[in-house]
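Visitor: Can you look at this prediction? I've put the sequence above it.
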Amino acid sequence: MAEATETVNKTPRQFSSLYPDRGKTIEECQDMIRRSFRSPTVKFLKENLEKAGCRIGEDFVKAVECDKQISGGYVRGDGILVCSNHMNMQDEVDQVVIHELIHAYDDCRAANLDWANCAHHACSEIRAGHLSGDCHYKRELLRGHLRIRGHEQVRYPISPEYSYL
């Protein structure tokens, strides 16, 4: 999720939760984020962001508690937010960090990227989905999508923050 709304930037706690008792604490999630930065894919993305002139500080990726049923998001100027209360495994945190780092890279490299432009936003989502492995067949199987053909088609409801697409 790239910069879907300005409210994410101002109040990360504003999201409404379906599963308030699941997930990790902010501290546990922050530890998982630190572990994510040891993964080869995250290291690669971080190195390439820095080569492109986009510095990532220590607090670029932050664990927050979210009320909406989302995993996290990238917010221009603020960095990446990972919703600790919706994370249960290291792989989930890794996936969110990778996906959102791709949005950060797009934001850094594309001179005229406008997150309010549906085509720009969709393009970055498609890139992040494919490059992060979100659309990998194995991940779709784990989600219970067992079809061989058409597994990349959107079959589940789109989040309210993307309802304008």
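Guide: Nice, thanks for sending it over.

Visitor: what ranges do the strands span in the protein?
Guide: 61-64, 72-75, 79-83 (DSSP state E).

Visitor: in the chain, which spans are helices?
Guide: 6-10, 26-36, 40-51, 90-109, 118-132, 137-142 (DSSP state H).

Visitor: tilt between the fifth one and helix 40-51?
Guide: Read it as helix 118-132. 130 degrees (axes from the mean of the first three to the mean of the last three Cα atoms, to 10 degrees).

Visitor: Point out the most buried one among the strands of the chain.
Guide: Burial among the strands of the chain, expressed as mean neighbours by mean count of other Cβ atoms under 10 Å, is greatest for strand 72-75, which shows a mean of 28. Where you see a C-beta, it was placed from the backbone N, CA and C, and this is true even at glycine.

Visitor: residues touching Glu101, list them.
Guide: Just to correct that, residue 101 is Leu rather than Glu. Listed by Cβ atoms under 8 Å, 6 or more residues apart in numbering, the contact set of Leu101 reads 42, 45-46, 49, 80.
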